[in-house]
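> prediction below, plus the sequence it came from.
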Amino acid sequence: PMPQKPAPFIRQTFTEKDINPFLPPAEQQAIRERLRKLHTGRMFTPQSKEGTIIFPGLDGGGEWGGPAVDPTTGVLYVNANEMPWILHMLDAEKTEAAENYGIAGQRLYRQHCMACHGTDRQGSGNYPSLLEVSTKYTPQTLVEFVNTGRRMMPGFQHLSTEEKNAIAVYILNLKERQEEPYEKQLSPAEKFRKLPYNISGYNKFVTATGLPAIAPPWGTLTAIDLNTGEHVWKKVLGEDERMKALGASITGTENYGGPVVTQGGLLFIAATKDGRLRAFHKRTGALLWEAPLPAPGFATPATYEVNGKQYIVIACGGGKLGTTSADSYVAFALP
């Protein structure tokens, strides 16, 4: 069964007619030729070895920041990403009867690390490259890092010490240890977790210069009446200066972090790559105010009252989407 209401608040297919018209002709043609080799069409098109378009994307549609809901009106406000990603299935490498640390490390990297850090440690999506990690970590400190995790990376405490050592040998390219014999007996649970396929990583469908393959908008903000299922209004969220320079008047940007709605009639949201906090009229969607931030606020604003005065505060961490990282909290209030 397909839901009838509310209508989708993002596009759900990507075909040739959706190719970014603001790209130079050569880049449009390169995208067109690449698209013809990929599986695409409706949402939930199965993954494939040839490559499948994931759209509205692995970070697409409504994302982790979540929507805001006004309990007095029953209107939901959701910001969304519209960025296609490409997912390739790769055959999992079969374990040889005898392995050395070099072979085992590469196999374990592909099994546990490749989805985020790419097929050759080059990074993918919002996940960093590991090619220069040997300048920052020793084998011991890298194993400790893999064990504990940090930020978006979970700890891999379920891996044995031998497995983590083998991963360190591969990532740090420790040639003097690659030929050492590696012996690991798999438990029943470990055998069960061995899947026949891996994925090539979180790869956005962009041009060689990093521009979006799909036509704008790449970020939106939609108000949906939960009583009727109708869209009240929809606005483009954010501005991409690269595409504006190529002639796009309205762009939107990828965004991370949700909105907050107030009883006084305002909707506050940061979230966008362009590093601004905005206030919209919650009933009409009109942009009422915006202010630059020291770094993008990839977070949901908080609002609170102190001594009868209301404040809006946003965490400006940046870091995603190639933006500068920061550690500021910025608060706003009326005079």
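Structure's in. What do you need?
> which residue packs closest to the residue nearest the centre of the chain, ignoring adjacent ones?
Nearest to the geometric centre of the chain sits residue 59, at 4.3 Å (Cα atoms, centre = their mean). In this structure, residue 59 finds its nearest non-sequential neighbour in residue 81, 5.5 Å apart by Cβ to Cβ, 6 or more residues apart in numbering. For every residue, glycine as well, the C-beta is placed using N, CA and C.
> neighbours of residue 300, how many?
By the criterion of other Cβ atoms under 10 Å, residue 300 has 21 neighbours.
> same check on residue 146?
Count around residue 146 with other Cβ under 10 Å applied: 22.
> residue 245 now?
Look at residue 245: counted by other Cβ under 10 Å, it has 9 neighbours.
> can you report phi and psi for it?
With angles defined as degrees, to the nearest 10, residue 245 sits at phi -70, psi -20.
> need the next SSE after the helix-or-strand element of the chain with minimal mean pLDDT, C-terminal direction.
Ranking every helix and strand in the chain by mean pLDDT, DSSP states H and E puts helix 188-193 at the bottom, with a mean of 75. With elements assigned by DSSP states H and E, the helix or strand that comes after helix 188-193 is strand 197-199.
> all strands for the stretch 151-300 of the chain, in order.
Counting by DSSP state E, counting those that start in this stretch, residue ranges of the strands within the stretch 151-300 of the chain are 181-182, 197-199, 203-204, 219-225, 231-236, 260-261, 266-269, 276-281, 287-292.
> in its sheet, which strands sit next to the last one, and in what direction?
Read that as strand 287-292. strand 276-281 (antiparallel) (DSSP bridges).
> ditto for the third one
Strand partners for strand 203-204, identified by DSSP bridges, are recorded as strand 85-87 (antiparallel).
> can you tell which of the strands of the stretch 151-300 of the chain is closest to residue 154?
strand 197-199 (16.8 Å; Cβ to Cβ).
> how about the closest one: buried residues?
198, 199 (16 or more other Cβ atoms under 10 Å).
> which pLDDT value goes with residue 149?
Predicted confidence (pLDDT) for residue 149: 89.
> can you list phi and psi of the closest residue to it other than its chain neighbours for me?
In this structure, residue 149 finds its nearest non-sequential neighbour in residue 155, 3.7 Å apart by Cβ to Cβ, 6+ apart. The phi and psi values for residue 155, taken as degrees, to the nearest 10, are phi -80, psi 140.
> my guess is residue 155 contacts residue 145, does it?
No. Using Cβ atoms under 8 Å as the test, residue 155 is too far from residue 145 to be in contact (9.0 Å).
> and the least confident helix or strand of the chain, how far from the chain's centre?
29 Å (Cα atoms, centre = their mean, to the nearest Å).
> pull that helix out as PDB, backbone CA atoms only.
Extracted as PDB, the C-alpha positions of helix 188-193 are listed here (Å, rounded to 0.1, in the frame of the first residue of the first chain):
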ATOM      1  CA  PRO A 188      29.600 -19.200  15.400                       C
ATOM      2  CA  ALA A 189      28.500 -15.600  15.900                       C
ATOM      3  CA  GLU A 190      31.400 -14.300  13.800                       C
ATOM      4  CA  LYS A 191      30.600 -16.800  11.000                       C
ATOM      5  CA  PHE A 192      26.900 -15.600  11.000                       C
ATOM      6  CA  ARG A 193      28.000 -12.000  10.600                       C
END
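> now that helix: buried residues?
Buried, per 16+ other Cβ under 10 Å, within helix 188-193: nothing.
> follow-up on the earlier one: test my guess that the residue nearest to residue 59 contacts residue 219.
Yes. Look at residue 81 against residue 219 with Cβ under 8 Å: they come within range, at 6.1 Å.
> which neighbours do those two share?
254, 255 (Cβ atoms under 8 Å, 6 or more residues apart in numbering).
> for residue 46, which of the strands of the stretch 151-300 of the chain is the nearest?
strand 197-199 (11.6 Å).
> low-confidence ranges in the stretch 51-200 of the chain?
Applying pLDDT under 70 to the stretch 51-200 of the chain flags the ranges 94-97, 185-186, 190.
> done for today, thanks.
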